[in-house]
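S.K.: Kindly return the folded structure for what I paste below:
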Amino acid sequence: MEPELDAQALVDGCAHVETPAELRARLARGLPLRVKFGVDPTGSELHLGHAVVLHKMQQFVEAGHDVTLVIGDGTALIGDPSGRNASRPPLTAELIAENMRTYTEQAGKILDLERITVRHNSEWLGVLDYGALIKLMAQTTVAQMLSREDFRRRFESETPIALHEFLYPVAQAYDSVALACDVELGGDDQLFNFLLARTYQTNAGQLPQICMTLPILEGTDGKIRMGKSVGNYIALVEPPRDQFGKAMRIPDELIARWARLADFRSQPECDALARGIVDGSRSPLDEKKLLAEAIVRRYHGAAAARDACDFFERTIQRKEQPAPEDMPEMEAAAAEKVVVILVAAKLADSKRAAQRLIAEGAVRLEGTVVTDPAARLPDTGAFVLQVGSRRHIRIRIKADSGSTASVAAVKNPNENNER
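M.R.: Below is the predicted model:
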């Protein structure tokens with residue numbers, strides 16, 4: 001790809017690029033760029049907010065660049081003050097180790113792990129001696145630190161700022177020196193740290209990195225940034241039904257923004273979506289369901305997305321009760337008629353009553369409405385048969401059953417078999 005076109009694709013969706021001209025010039029050299037994104041293990045789960053940057057990171061991977069995921073076990077000892085109105089308590093080394101245990105695996109839901117490098121910034125931060133730290137701190141003034149919006153806001157409101165918090169931007173900037181980065185990716189709240197790294201790199205005799213920040217994704221409450229500490233997040237590894245249900249909670253006015261940042265649709269498409277919701281030509285509920293299904297599909301696959309959508313429609317829209325975990329069970333012959341099962345399970349008084357329930361649309365097999373009065377069970381497996389919203393039974397097909405085998409008696413798993 002030509003450098004100009006390559007640059008356009010890579011900056012698409014960014015909130016700030018420092019600078020596009022430098023990016024084009026660096027790409028024109030024809031050499032892979034050294035790109036990094038750092039994430040501090042302050043929690044045990046990566047969420048959709050992290051995914052905004054990870055997606056951009058994967059674009060660099062696919063373009064053939066040298067990409068490094070930095071696990072910030074060194075910076076996590078300080079605590080990132082970005083965007084906060086109070087000091088973040090430093091984490092213990094033990095908690096950091098536990099939190100970062102599965103970070104790489106989670107990032108692998110987006111990144112091609114075979115084509116990236118994973119580093120821990122304790123490798124270089126942990127060996128800095130006292131003299132080296134003084135030299136780093138000497139490159140930054142207190143006035144510079146207080147020009148950072150969050151620090152300035154806290155200083156003006158007389159909210160305490162601990163001295164160790166000033167170490168965070170310095171440590172993150174040094175990451176870029178240690179890796180001789182060409183590009184650093186991150187959230188828009190990290191711009192001060194990224195720009196500080198440019199100064200540190202210049203002082204170290206390196207070319208200053210290109211700073212590329214991505215928009216901050218609001219959480220499901222639609223008010224503040226997504227974060228585990230406030231409970232408004234969707235983790236990449238959450239169960240599909242939970243992901244879907246949480247996505248359905250976002251305010252209507254955020255649908256288009258989430259379509260851009262969580263489903264990575266084009267800006268023109270998202271602009272059209274926003275206009276349609278405002279003028280009433282597009283249903284917020286339908287669009288939100290499409291968005292939620294797309295998010296689940298991205299991290300769990302198409303089958304899980306369909307199931308999550310169906311579960312939401314049944315339990316939330318139609319207010320059907322979900323199948324209980326301790327429902328009664330019974331064995332049945334392969335391909336047995338559903339009406340026979342309904343009678344044997346005492347869900348219908350007779351075959352005629354069972355056929356009437358089917359005609360009324362009151363019978364479901366694995367969540368799907370049974371419409372054929374002559375319908376039969378599948379040949380193998382276990383299935384939930386449901387009548388109405390509250391009556392359920394789990395049917396298990398006998399492994400050695402034939403088409404004429406009889407239906408076994410119903411067994412309630414809660415029954416006490418002791419005499």
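S.K.: Which stretches in the stretch 201-350 of the chain count as helices?
M.R.: Applying DSSP state H, counting those that start in this stretch to the stretch 201-350 of the chain gives helices spanning 240-247, 255-261, 267-279, 284-300, 302-312, 338-344.
S.K.: Off-centre distance for the first one?
M.R.: Which is helix 240-247. Here the centre of helix 240-247 is set off from its chain's centre by 10 Å, with CA atoms, centre = their mean, to the nearest Å.
S.K.: can you check the last one too?
M.R.: Taking the mean of its C-alpha atoms, helix 338-344 sits 43 Å from the chain's own mean (CA atoms, centre = their mean).
S.K.: residues in contact with that helix?
M.R.: Helix 338-344 is contacted from outside by 330, 332, 347-351, 353-355, 357-358, 363, 365, 370, 373, 375-377, 385, 387, 395, 407, 410, using CB atoms under 8 Å, 6 or more residues apart in numbering. Glycine gets a C-beta too; all of them are placed from N, C-alpha and C.
S.K.: Now with 10 Å, please.
M.R.: 330, 332-333, 336-337, 347-355, 357-358, 363, 365, 370, 372-377, 383, 385, 387, 391, 393, 395, 406-410 (CB atoms under 10 Å, 6 or more residues apart in numbering).
S.K.: Then the fifth one?
M.R.: When contacts are taken as CB under 10 Å, 6+ apart, the neighbours of helix 302-312 outside the stretch itself are 239-245, 247-248, 289-290, 292-301, 318, 320, 322, 366-368.
S.K.: Any regions of the stretch 201-350 of the chain where pLDDT drops low?
M.R.: Low-confidence segments of the stretch 201-350 of the chain (pLDDT under 70): 320-323.
S.K.: Go through the contacts of helix 338-344 and flag which are in helices.
M.R.: 351, 352, 353, 354, 355, 357, 358 (DSSP state H).
S.K.: The strand or helix carrying residue 150 - contacts with which helices or strands?
M.R.: Assigned by DSSP states H and E, residue 150 belongs to helix 149-156. On a contact count with 3 or more CB pairs under 10 Å, 6 or more residues apart in numbering; DSSP states H and E, helix 149-156 meets helix 142-147, helix 191-203.
S.K.: and after that helix, which helix or strand comes next?
M.R.: With DSSP H and E, the next secondary element past helix 149-156 is helix 167-179.
S.K.: Counting by contacts, list what that next one packs against.
M.R.: For helix 167-179, the packing partners by 3+ CB pairs under 10 Å, 6+ apart are strand 34-39, strand 66-71, strand 116-120, helix 122-125, helix 130-137, helix 142-147, strand 183-187, helix 191-203.
S.K.: Residue 190 versus the nearest residue to residue 237 once chain neighbours are set aside, what's the distance?
M.R.: The shortest distance from residue 237 to any non-neighbouring residue, by CB to CB, 6 or more residues apart in numbering, is to residue 106 (5.7 Å). Going from residue 106 to residue 190 by CB to CB, to the nearest Å gives 20 Å.
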